[in-house]
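Enquirer: Everything below, folded, please.
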Amino acid sequence: MSVMTAMPVIVQSGGALIASPSSALREQVLHRLSGRCRPIQQALGGADALSKLEKGEWQLLFLDRRLPDLDAEELLSIIQRRFPAIHVVMLDSDDQRADGEGSTEELGETNDHALTPLRRSAHSQKNAEIAKIEPLPGMIGSSEAMQRVYRMVRLVASRTTTVLIAGPTGTGKELVARALHCLSPRSTKPLVVVNCAAIPEALLESELFGYTRGAFTGAVQSQLGRIPAAHGGTLFLDEVSELPLGMQAKLLRFLEQKEIQRLGTSEVTRVDVRVLAASNIDLAGRAARGDFRQDLFYRLSAFPIELPPLAERRADIVPLAEYFLSCMAAAMAMPTLRLSANAARILEQHPWRGNVRELQHVMERASILVENGDTVEADHLYFSYPKNLVHLPVHPEC
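Expert: Numbers count the residues shown, from 1 in each chain. Okay, the predicted model is just below:
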C-alpha cells in the first residue's frame, strides 16, 4: 500500500493533521511524516478534524475522502474559506491514492532559521478573507467564537447524526438544538424537548417510552411517550448527564436499534427520531470516572458542538443587550431604550458567570429601573454577585 512517493514541503512552525477513519491509512501517513514535522495529530472523522483545526495551528491536512460523518468536499470547502493557509492533501482509503497541489514536492533542505514555506493554492488565495456566517435562527452574535458554532451547526443540520451540545449553563444550548431542528429536513415534524433532570427517576421510563393502560398502579389510560411523540422529527435530551445508569442502558438500546417497547406490552415499535443531547458538565470526564456509560457517551457525541461562555465572546455582549432591550420594548409596546456608552463599557467588563441568561436578566431589571427615561445608564445595572466579588469602576460619560 502506497500513499505517496514524496511528502509536501512543510514549515517547522506548523504541524500536520491526518483525518481518516482508516487506522491503516493514518499509520502509513504517520510513518512517512516521521521526523519531518511536528506536532502530528490524528482525527477519526470530519467533525473531529474541524474541531482540532479550530484549536491549533496547522500547515498540512491529510483528508480522507471517505469520512464517516461529513462529506469531504463540503468540509474541504469550509477549510479553504476558514483556513486558507492550510495545505490539503486528499486521500482515498479505498484505493490509497493521494492528490492535491504540491503533494509530490520533495521536502527541501531546512534548518532552524531558514525553512521553505508551503505554497498556497490559487483557490486559497482567492478566499483569504473569511466569509461571515449568518447567525442561527433565534441567536445573536458575530464573534469568532460564535462563527465556529454557526459553521458546525450548518454543517451537520441536514444530517441524521446525533449531536452533543456542550457548554456552561445559560449559553443557549436549547437555542442551538432548536436551530438544528429548524434547519433540518425534519423541521415540519415535532421537536420534543425532555429535561432529564426535571423528571423523577421512577417516571423516566414511562415518560420516554410510554405505557399502556394498567401497566402500573395509576395508569388509567395509555400514554404515547416522548420518544414516539417525536417520530419523524427531533428528540432533544437536555441535561442528559442526569440520566440514571439504568435508564442510560435503555436509551443506548434505543439509539442502536431505533426500537422502543412501551411499559405493559411486549410489542416493539420502530421509531424514526434524530437525537440531540445537551450537557453543562464534562460528560467525557463523567464517562471516564464511570458515572456515565462510555458507550452511550460515544453514541451521543458523534458530532460534538461546544458553546463558548459569554466572557469568551465579548464582542457580542452589547448587541445582545440591545437585542434584549428591543424585545422587552416590543412586549410592552414601548419605545426601545438605548444603552449609554458607560453602561456598555461596564457590561463588556463584567465576568458574566451566568452567561447570556444572566445578561438577559440584568437588562430586564435595568429596563424597569429606567422608569420614564429613555436610556439605560450605569446606575441602572444591577448584578447578582456579592459586592466583594465584583469590582467594576464606573467611568464618566464621554
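Enquirer: What's the end-to-end length of stretch 193-201?
Expert: End-to-end distance of stretch 193-201: 17 Å, with Cα to Cα, to the nearest Å as the criterion.
Enquirer: repeat for stretch 230-245
Expert: 23 Å.
Enquirer: measure the most centrally placed residue in the chain to Pro68 for me?
Expert: Nearest to the geometric centre of the chain sits Ile305, at 1.6 Å (Cα atoms, centre = their mean). Relative to Pro68, Ile305 is positioned 17 Å away (Cβ to Cβ, to the nearest Å). No exception for glycine: its C-beta is placed from N, CA and C like everyone else's.
Enquirer: so where is the protein shaky, pLDDT-wise?
Expert: 1-14, 35-38, 94-132, 213-221, 264-265, 385-398 (pLDDT under 70).
Enquirer: let's see 50
Expert: Low-confidence segments of the chain (pLDDT under 50): 1-13, 96-130, 386-398.
Enquirer: And for Pro228, nearest residue in space, chain neighbours not counted?
Expert: What sits nearest to Pro228 in space, not counting adjacent residues and going by Cβ to Cβ, 6 or more residues apart in numbering, is Val271, at 5.5 Å.
Enquirer: With Phe83 instead?
Expert: Counting by Cβ to Cβ, 6+ apart, the residue nearest Phe83 is Leu53, at 5.9 Å.
Enquirer: how does the chain divide into domains?
Expert: With domains defined by automatic domain parsing, the chain comprises 15-126, 144-306, 311-389.
Enquirer: possible to save the ones you listed as JSON lines with distance to Gly138?
Expert: Formatted as JSON lines, the domains of the chain follow (distance: least, Cβ to Cβ, whole Å):
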{"stretch": "domain 15-126", "distance to Gly138": "23"}
{"stretch": "domain 144-306", "distance to Gly138": "5"}
{"stretch": "domain 311-389", "distance to Gly138": "11"}
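Enquirer: To Leu136, which of the ones you listed lies closest?
Expert: Nearest of these to Leu136, taken as Cβ to Cβ: domain 144-306 at 3.8 Å.
Enquirer: Would you pull up how far the closest one lies from the middle of the chain?
Expert: When distances are taken as Cα atoms, centre = their mean, to the nearest Å, domain 144-306 is centred 16 Å away from the chain's centroid.
Enquirer: hmm, back to that, wait, a strand at the residue nearest to the centre of the chain?
Expert: Yes: Ile305 forms part of a strand when assessed by DSSP: H, G, I helix; E, B strand; the rest coil.
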